[in-house]
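*Asks:* how would this look folded up:
(2 chains)
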Amino acid sequence: MIEMQDIWKTYADGTHALRGVSVRIDRNEFVYLVGPSGAGKSTFMKLIYREEVPTKGQLSVNGFNIGKLKPRKIPFVRRNIGVIFQDFRLLPKLTVYENVAFAMEVIEAPRRIMKKRTMEVLDLVGLKHKHASLPAQLSGGEQQRVSIARAIVNNPSVIVADEPTGNLDPETSVGIMNLLEEINFRGSTIVMATHNKEIVNSMRKRVIAIENGNIVRDEARGEYGYEV
Amino acid sequence: MRFSTLLRHLREGAKNIIRNGWMSFASMSSIFISLFILGTFFLLAMNVNSMAGQMESQVQIRVYLQLNVEQAKMTELQNKIGNLTEVSKVTFVSKAEGLELLRKNLGKENEDLLEGYDNEKNPLPDSFTVDVYDPQSIEAAAQQIDAINKADETQPISKIKYGQGTVETLFKVTNAVRNIGIVIVVGLSVTAMFLISNTIKMTILARRREIGIMKLVGATNSFIRWPFFIEGALIGIISSIVTTVLILIGYSQLVKLTQMEMSLMMIKLVTLEESGLLTAALLIGLGTLIGIWGSTISVRKYLKV
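*Replies:* Have a look, this model is predicted:
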């Protein structure tokens, strides 16, 4: 599914974000990515959805060799990966429905199917009744649900979430986590970077800890392991 | 591309104009102002050109004959001059007609000056008025007529006049005016293109994030580009049509006004029928081109994510 072999990532300014990372994430796993700020978590995720290319090493996602991917093939790799951000990244001038449906327009899904599937996903995240609202009219938790709906609407095999609860209060965060767990249960692999100790410790999933560009810990049912 | 996708792009492009209301308005205003100035200058240049043309077309060659030229000779001369490639028309002006013309030009109050010169006492020679196709070739035509005269042993022509010196100066001025007009119109077109594409660039800069998100959900570059392309074209078309309509309405009013009030001043503006199509083609063509160009160039910049 996702396989990294001795991945190095060095940015133009000389920063070594990753220093020889090797890891394998299988289908339908739920993985927490933990570690201090600037340890390389975001780079780890950006490589998966090919916003960055590895400087050295072999990276395969869903069978695609990310390092050697032709630029015009990038969109097709991303269609199989749902991305969720801390800041939601919704299109402010589109309604909730349009934001979610947009991901289906991109793959040129027939309108009839698009309508049905979008409403289905909005129902799943509990926002069917707000389909006509604009993002600005929603709370942070609701906006994150919309961005999750957008990420899963095309049934991607991998979901990458970069601190999805980072801007949300604990109660809302629990709701988001339940949603992600449900999505994982339905068959998607989830890789989630987080600083939220409570969530990691309460869910007991696989935990990969990154420090200084290296994997320092990889436990099947791990804990957060850092003091907040 | 599927037909439904094309429809989607058209719909999105049109919707984006409304969604980005103020930015669209800024782009449209900038196109409107630039094209308005350009259009005004274009009409001005057209009129200056036409006035220069009018002045030039009034330039004629007067060929004065000796007093004792026979009728047969005159016809022969008229044919020879008429056969010159530069010449469009040769009109015979008899001495009597010449006198009549002179009377007219001197006006009523000077009538008495020419009294008693009628019939046998008419001192004027017979003459030809020669028109040429291209006013600029008048000197060449005059030289050819002179050559015809020299080839004939009787030398029937006494004088060839076309306002030597004055005509050359007139042409220098009209040519300069034309060239300046072209430079201004071209300069304004280029300025308008940069001004407008800059405004459009700014509106798209504000939507960099939007493009980033589109790429993230797996949109291909052409999928992202299409709505922007249509949006740019629509903005260009709409604003240039508005500009064209306003300019042409204003101009037609001006033409009407000069036809009534200023007809005495000998100013004859280019009519709407003559100038309208060209002006509309220039403004709408340029506006559309700029709209498309500005949006395409700017989107390309942000697609490299």
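*Asks:* from here on, just use CA atoms for contacts and neighbour counts.
*Replies:* Noted.
*Asks:* work out for me the element residue B:294 sits within.
*Replies:* In the assignment (DSSP states H and E), residue B:294 maps to helix B:272-303.
*Asks:* show me where chain B has strands.
*Replies:* B:61-65, B:87-93, B:127-132, B:157-161 (DSSP state E).
*Asks:* for the last one, which positions count as buried?
*Replies:* Spelled out, that is strand B:157-161. Neighbour-count burial for strand B:157-161 flags B:157, B:160 (criterion: 16 or more other Cα atoms under 10 Å in any protein chain shown).
*Asks:* distance between that strand and the chain's centre?
*Replies:* A distance of 35 Å separates the C-alpha centroid of strand B:157-161 from that of its chain, computed with Cα atoms, centre = their mean, to the nearest Å.
*Asks:* next, count neighbours for residue A:80.
*Replies:* By the criterion of other Cα atoms under 10 Å in any protein chain shown, residue A:80 has 21 neighbours.
*Asks:* same deal with the one 4 residues further on?
*Replies:* One way to gauge burial is a neighbour count; for residue A:84, by other Cα under 10 Å, it gives 24.
*Asks:* pairing partners for the helix or strand hosting it, with directions?
*Replies:* Here residue A:84, judged by DSSP H and E, is contained in strand A:81-85. Using DSSP bridges, strand A:81-85 pairs in its sheet with strand A:158-162 (parallel).
*Asks:* same question for the partner strand, mean pLDDT?
*Replies:* Averaging pLDDT along strand A:158-162 gives 96.
*Asks:* got the contact list for residue 213?
*Replies:* Picked chain A for this. Residue A:213 is in contact with A:16, A:17, A:18, A:19, A:20, A:21, A:39, A:40, counting by Cα atoms under 8 Å, 6 or more residues apart in numbering or on different chains.
*Asks:* oops, chain B please
*Replies:* Contacts for residue B:213 were tallied using Cα under 8 Å, 6+ apart; they are A:89, A:90, A:91.
*Asks:* can you put those in CSV and add secondary structure, distance to residue B:1 and neighbour count?
*Replies:* As requested, the contacts of residue B:213 are exported to CSV (DSSP: H, G, I helix; E, B strand; the rest coil; distance: Cα to Cα, whole Å; neighbours: other Cα atoms under 10 Å in any protein chain shown):
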residue, secondary structure, distance to residue B:1, neighbour count
A:89, coil, 27, 19
A:90, coil, 26, 23
A:91, coil, 24, 22
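*Asks:* just put those residues in TSV and tack on pLDDT.
*Replies:* Listed next are these as TSV, based on pLDDT from 0 to 100:
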residue	pLDDT
A:89	92
A:90	93
A:91	90
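*Asks:* what sits closest to residue A:121 if chain neighbours are left out?
*Replies:* Nearest-residue entry for residue A:121: residue A:149, 5.7 Å, with adjacent residues in sequence omitted and distances by Cα to Cα, 6 or more residues apart in numbering or on different chains.
*Asks:* quick one: residues contacting the residue of the stretch 101-250 of chain B found nearest chain A.
*Replies:* Closest contact between the stretch 101-250 of chain B and chain A, by Cα to the nearest Cα, is at residue B:218 (4.0 Å). Residue B:218 makes contact with A:74, A:75, A:76, A:77, A:78, A:79, A:103, A:106, A:107, according to Cα under 8 Å, 6+ apart.
*Asks:* now the third one: how far from chain B?
*Replies:* What that stands for is residue A:76. 6 Å (Cα to the nearest Cα, to the nearest Å).
*Asks:* list the contacts of that residue.
*Replies:* Residue A:76 sits in contact with residue B:218, where contact means Cα under 8 Å, 6+ apart.
*Asks:* ok, residue B:268 to residue B:55 distance?
*Replies:* Computed as Cα to Cα, to the nearest Å, the residue B:268 to residue B:55 distance reads 11 Å.
*Asks:* returning to that earlier point: would you reformat the contacts of residue B:213 as TSV and include distance to residue A:195?
*Replies:* Output for the contacts of residue B:213, formatted as TSV (distance: Cα to Cα, whole Å):
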residue	distance to residue A:195
A:89	20
A:90	23
A:91	26
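*Asks:* can you redo those as JSON lines with distance to chain B?
*Replies:* Shown next, in JSON lines, are the contacts of residue B:213 (distance: Cα to the nearest Cα, whole Å):
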{"residue": "A:89", "distance to chain B": "7"}
{"residue": "A:90", "distance to chain B": "8"}
{"residue": "A:91", "distance to chain B": "6"}
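*Asks:* re earlier: can you list which of the contacts of residue B:218 are found in helices?
*Replies:* The helices, defined by DSSP state H, take in A:74, A:75, A:76, A:77, A:78, A:103, A:106 from the contacts of residue B:218.
*Asks:* counting neighbours, which of these comes out on top?
*Replies:* Of all the ones in helices among the contacts of residue B:218, the most densely surrounded is residue A:103 (27 neighbours; neighbours counted as other Cα under 10 Å).
*Asks:* shaky segments in the stretch 51-200 of chain B?
*Replies:* B:109 (pLDDT under 70).
*Asks:* report the central residue of the chain.
*Replies:* Here I'm looking at chain A. For chain A, the residue nearest the mean C-alpha position is residue A:160 (1.7 Å; Cα atoms, centre = their mean).
*Asks:* switch to chain B, please.
*Replies:* In chain B, the centroid-proximal residue (Cα atoms, centre = their mean) is residue B:46; its distance is 3.1 Å.
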